[in-house]
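>>> One predicted model, sequence on top.
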Amino acid sequence: MKILLADDSAFIRKVLLKTLQTHFETAEFIPCSNGQEAYDQFVEQKPDLLITDLLMPVMTGQELIQKLKDNGYDVNAIVISADIQSRTKDELVALGIISLINKPLTPDSLNVLVNLIRGYENDK
Amino acid sequence: MINDSQKDLLKEYINVFVGKAANMLSEMANQRILLRVPEIEILNMQNDDKFSWPTDGLFSYGHIISSSMKFGRDFSGRALLIFPASKAKLLVDACLGEIDSDDLQPDSSQLADTDFDVLKEISNVILNCVIGEFGNLLGVKLDFTLPDVEVVFVSEAEQQLYLKNSVHILMFYTAFTLEKAKLDGVILMVLGMNSLNMLLTKIDNILGELND
């Protein structure tokens, strides 16, 4: 399984990598630091799963998902964001994301993320 | 004063804190608030550091609306919410549900006492939320004063004087855009050396835990 991780925070990328590598030893991870880089990597590497922040420089996570969908890509996205507005959530649901996890990342929210990925793996 | 790893993690926390404040503002104004990636710097006023933020003149010349709130105990300082006076009325109207005036460009002189009350409440919510989250991060209880709201004319020479008596300033610039009224704001946090060290020690501890 290929998982693309997009977050402008090096700390968050490190936390996600450390956690997910423990639970998904055979998975391949593609870390990216902004939406544009994530878009380019998605097009090139065609990951099974996209885990993305929303608020990023150059291109936001929401713009990233929208652009991928507009260009015909099958996007299985889990969004991790500090934006907790209900309107944002509504727009993401309309984009067909798998789930939204609110920051800050805690052991509980990381468990939720791991279970979401396991669920995705099982459903595939 | 602050290295890249500290800045990265601090920015991440501020992102979360401002996200929560924006949610509250969104509910007050009944509009979605669009956020931008915050910029962070620690300024030492004694070293004559200058402001050099992409604020489009926000914190430069002219009238600004400034709300400030003191907080204290173990972690103490002053937080300020600053935005152009020309947009203050739009923000007030949005929160009062009277935002049909997209083309309204009111002058600060049009602000009534009731407008200042609304601005004080908005500042109270935003600054309380952000400061409170810093308290939660540090695991300390903070006391707050009620915010003071004032219209200030800031000349170039007065920029530094406006923040006089400040030794170190944790400055984070963020912008929030309402659906119907573009409004850029700056949040400043003025910290003494002890409080700043307390915050950076906590950040270092969290970074250290990740590397263990």
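Structure received.

>>> Test my guess that residue A:19 contacts residue A:111.
No: Residue A:19 is beyond contact range of residue A:111, at 9.1 Å (criterion: Cβ atoms under 8 Å). In short, each C-beta sits where N, CA and C put it, glycine included.

>>> With neighbour numbers in mind, choose between those two.
residue A:19 (16 against 12; other Cβ atoms under 10 Å in any protein chain shown).

>>> Excluding sequence neighbours, find me the nearest residue to the more buried one.
Spatially, and ignoring its direct neighbours in sequence, residue A:19 is nearest to residue A:110 (5.0 Å; Cβ to Cβ, 6 or more residues apart in numbering or on different chains).

>>> The one you found touches residue A:22, doesn't it?
No: applying Cβ under 8 Å, one finds residue A:110 not in contact with residue A:22, separated by 10.0 Å.

>>> of those two, who's got more company?
Ranked by neighbour count (other Cβ under 10 Å), residue A:110 and residue A:22 place residue A:110 first, with 18 against 9.

>>> and the particular helix or strand that has residue A:21 in it, what does it pack onto?
With secondary structure defined by DSSP states H and E, residue A:21 is part of helix A:10-23. Using 3 or more Cβ pairs under 8 Å, 6 or more residues apart in numbering or on different chains; DSSP states H and E, the elements in contact with helix A:10-23 are strand A:2-6, strand A:28-32, helix A:107-123, helix B:4-29, helix B:193-211.

>>> hmm, 6 Å instead?
Other helices and strands packing on helix A:10-23, by 3 or more Cβ pairs under 6 Å, 6 or more residues apart in numbering or on different chains; DSSP states H and E, are helix B:4-29.

>>> next helix or strand past the helix it packs on?
By DSSP H and E, the next helix or strand past helix B:4-29 is strand B:33-35.

>>> Just checking, which helix or strand succeeds that next one along the chain?
strand B:39-44.

>>> Now residue A:38. Its backbone dihedrals?
phi -60, psi -40 (degrees, to the nearest 10).

>>> can you tell me which residues contact it?
Residue A:38 is in contact with A:6, A:32, A:64, counting by Cβ atoms under 6 Å, 6 or more residues apart in numbering or on different chains.
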